[in-house]
Every structure is written in structure tokens, then in C-alpha cells.
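Engineer: Based on what follows, work out the 3D shape:
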Amino acid sequence: MADHAVVAVEPGLQTAVEAARRQGDPDCQAAQVLTLHAHNEVELADASSRLLPWSGTAETLRRLPVPPEEALLVAGNREFATAAAHTEEQQTEDRLREQVAARMLERDRLLHSEIGVSLASVAEARLSRDRTWTELRAHVEGTRLLPNPNETIHQFEELKSEADHRADQRFLSAEASGRLAQANAAVATVELQLVQASARVQQAAAAQQQAAAVWSADLADWSLPELSVSRLREWLTLRDDALGNGCMRRSLAMQSPRVGQRWTRPG
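Structural biologist: All right, here's what the predicted structure looks like:
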């Protein structure tokens with residue numbers, strides 16, 4: 001049995017081999033071929049690993065078509081435009097959702113702070129005040145004597161204060177009711193805008209998915225891996241690197257069987 005010595009790729013050894021080759025030493029020429037062959041095998045394996053998720057033979061890789069530059073530009077612009085539109089609509093939807101929450105919070109605050117005073121309550125307080133005032137005026141005019149005028153005067157002052165308070169509360173309640181109506185209208189307006197924005201988000205997402213489907217179909221027609229346009233450009237560069245290493249590997253493989261004989265020794 002025979003085995004073949006594997007020459008490691010060392011910079012110093014590589015330099016020495018090249019120097020010997022220039023001097024016409026055939027053994028060193030053989031060593032150089034085997035050295036480069038081993039080095040190229042490593043580079044080829046590394047280049048092939050970068051081509052994932054694609055896998056296949058070197059010949060299949062070589063036969064894969066290169067998409068036209070115009071097709072890549074169109075697809076890239078479409079991919080960018082649909083993604084940007086979707087992002088913009090999504091941001092608008094998020095902003096409107098925050099606005100709805102803020103408007104609803106303001107409306108709830110008004111609901112809890114509103115003081116409810118009915119018109120009937122104000123009228124009742126005013127009636128009691130006016131009735132007492134009528135009794136006082138009759139006493140002053142001498143048409144009717146009160147048993148305790150001072151008590152009636154004190155009662156009138158309290159009823160007058162209560163009537164004024166209820167009237168003020170009624171006025172404030174009316175203002176609060178107006179603000180509440182405005183708050184409800186603001187909530188409804190922003191909610192409508194949010195519904196419209198959500199619909200645009202769905203439309204933008206559908207457009208992005210449609211663009212992706214068209215691109216996927218193109219990739220399938222070219223038998224290329226499922227990658228974005230920018231990623232595919234990188235992949236095509238890596239493919240060229242792998243094919244370059246593959247060509248070197250075939251060239252070295254043709255030489256290594258011959259030169260390997262010089263490095264064969266009995267087992």
C-alpha cells in the first residue's frame with residue numbers, strides 16, 4: 001500500500017518551493033503543485049459554504065444563469081419601494097393608535113370630572129329662594145307679619161346662596177358637556193383615521209408580498225436560491241469566487257496524479 005505525503009501550506013515552505021522550481025528541481029515542482037492543491041481545496045470548501053442555502057455540484061453551479069442587470073435593478077427598486085411604503089404606513093398606524101389612546105384618556109377624565117346639575121334642580125332652588133323673598137317683602141311692606149323676621153332673613157340668605165351655587169354648577173356642567181362632546185368627536189375622528197391607516201397597512205403588506213412572490217418566481221426560473229436582491233448580488237460574487245477556485249482545483253487535479261508519483265513511497 002502506498003500513501004501520499006500532504007504538504008502543509010506554510011509561507012516559508014511555499015517560498016522555498018518556488019525558488020527550487022525556478023532552479024528546475026522537478027521534486028520541488030511536484031511539492032508546489034500538491035501544496036497549492038491542498039490550499040485550494042480549503043478555499044473551495046470555504047467558498048462553497050458561503051453559497052448556502054444553495055447546494056449542488058460545481059458543474060451545476062457553473063451552469064446557473066446570471067440575471068440581467070436590468071432585472072436586478074427593477075426587482076431591487078420594487079423591493080425597496082414596497083418595503084419603505086409598508087414601513088411608513090405601519091409608523092402612521094402606530095402614531096394614530098397612540099393618539100386614539102390619548103384622546104380616550106382625555107375623554108375619560110372629563111367623564112369622571114363632570115358635575116351633573118339638572119335644570120330642574122336649579123329651578124327648585126330658585127323657587128325656594130323666591131318664595132322666602134316674597135314673604136320678606138310682604139313683611140317689609142306691612143301686608144304680612146312674620147313671627148321671626150330675623151330667622152326668615154337668614155333662611156333667605158342660605159336659599160339665595162344655594163340657588164346661585166346650583167346655577168354656577170349648571171354653567172360649569174354645560175361647559176364640561178361641551179368639552180366632552182368635543183372629546184368624543186376627537187376620538188371618533190382619530191379612530192376613523194386609524195381604521196383607514198390599518199387598511200393602508202394591509203394594502204402595503206399585500207403589495208410587498210406580491211413583489212416578493214414575483215421575485216421568488218424569477219429566482220425559480222433562474223434556479224437560484226431564495227434570497228433578497230441585495231443578498232443575491234453578494235451571492236453571485238461568492239459564486240464567482242467558488243467557480244474560480246473550482247477552475248484552479250481542476251487544473252491542479254490534472255497535475256497532481258502525475259506529480260504525486262514523485263511523492264509516493266512504500267508503505
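Engineer: what residue is smack in the middle of the chain?
Structural biologist: T87 (6.4 Å; Cα atoms, centre = their mean).
Engineer: and H112, how many neighbours does it have?
Structural biologist: Neighbour count for H112, taken as other Cβ atoms under 10 Å: 7. Any C-beta I mention is one placed from the backbone N, CA and C, and that applies to glycine too.
Engineer: quick one: pLDDT of it?
Structural biologist: Listed pLDDT for H112 reads 71.
Engineer: host element of it?
Structural biologist: H112 is part of helix 69-113 when elements are defined by DSSP states H and E.
Engineer: could you list every residue that touches A167?
Structural biologist: Neighbouring residues of A167 by Cβ atoms under 8 Å, 6 or more residues apart in numbering: V122, A125, R126.
Engineer: Can you show me the helices along the chain?
Structural biologist: Remark: helices assigned in the chain by DSSP state H are 11-22, 26-49, 58-63, 69-113, 119-141, 149-222, 229-260.
Engineer: Can you tell me which of these is packed in deepest?
Structural biologist: Highest mean neighbour count among those (mean count of other Cβ atoms under 10 Å): helix 26-49, with a mean of 17.
Engineer: average pLDDT for that one?
Structural biologist: 56.
Engineer: so where is this protein shaky, pLDDT-wise?
Structural biologist: 1-48, 113-118, 245-267 (pLDDT under 70).
Engineer: let's see 50
Structural biologist: In the predicted model of the chain, residues 1-13, 16, 247-267 satisfy pLDDT under 50.
Engineer: domain assignment for it?
Structural biologist: The chain breaks down by automatic domain parsing into domains covering 2-64+228-266, 69-222.
Engineer: how much distance is there from the last one to the middle of the chain?
Structural biologist: Pointing back at domain 69-222 there. Centroid displacement of domain 69-222 relative to its chain, using Cα atoms, centre = their mean, to the nearest Å, is 31 Å.
Engineer: and the end-to-end length of that domain?
Structural biologist: By Cα to Cα, to the nearest Å, the extent of domain 69-222 from end to end equals 14 Å.
Engineer: correct me, but L224 touches A71?
Structural biologist: No: the criterion here is Cβ atoms under 8 Å, and L224 misses it with A71 at 11.4 Å.
Engineer: ok, H112 to A181 distance?
Structural biologist: Using Cβ to Cβ, to the nearest Å, H112 is found at 16 Å from A181.
Engineer: I should have written E175 there, sorry.
Structural biologist: Relative to A181, and taking Cβ to Cβ, E175 is found at 11 Å.
Engineer: Wait, P53 touches L219, no?
Structural biologist: No: if you go by Cβ under 8 Å, P53 and L219 don't touch, sitting 11.5 Å apart.
Engineer: tell me, what's touching those two both at once?
Structural biologist: Taking Cβ under 8 Å, 6+ apart as the contact rule, P53 and L219 both touch P225, E226.
Engineer: before we move on, the earlier item: which one of the contacts of A167 is nearest to A207?
Structural biologist: For those, the residue nearest A207 by Cβ to Cβ is V122; the value is 59.9 Å.
Engineer: Tell me which residues touch that closest one, please.
Structural biologist: A163, R166, A167, R170.
Engineer: Can you tell me which of the residues you listed lies closest to V187?
Structural biologist: Using Cβ to Cβ, R170 is the member of the contacts of V122 that lies nearest V187, at 25.6 Å.
Engineer: Quick check, that closest one in contact with L119.
Structural biologist: Yes: look at R170 against L119 with Cβ under 8 Å: they come within range, at 6.9 Å.
Engineer: gap between W215 and R239?
Structural biologist: Distance from W215 to R239, by Cβ to Cβ: 18 Å.
Engineer: now A213
Structural biologist: From A213 across to R239, the span is 24 Å (Cβ to Cβ).
Engineer: so who does G76 touch?
Structural biologist: Shown in contact with G76 (Cβ under 8 Å, 6+ apart): V229, S230.
Engineer: what do you get for the one 3 residues further on?
Structural biologist: Taking Cβ under 8 Å, 6+ apart, we find E79 in contact with A211, A212, W215, S228, V229.
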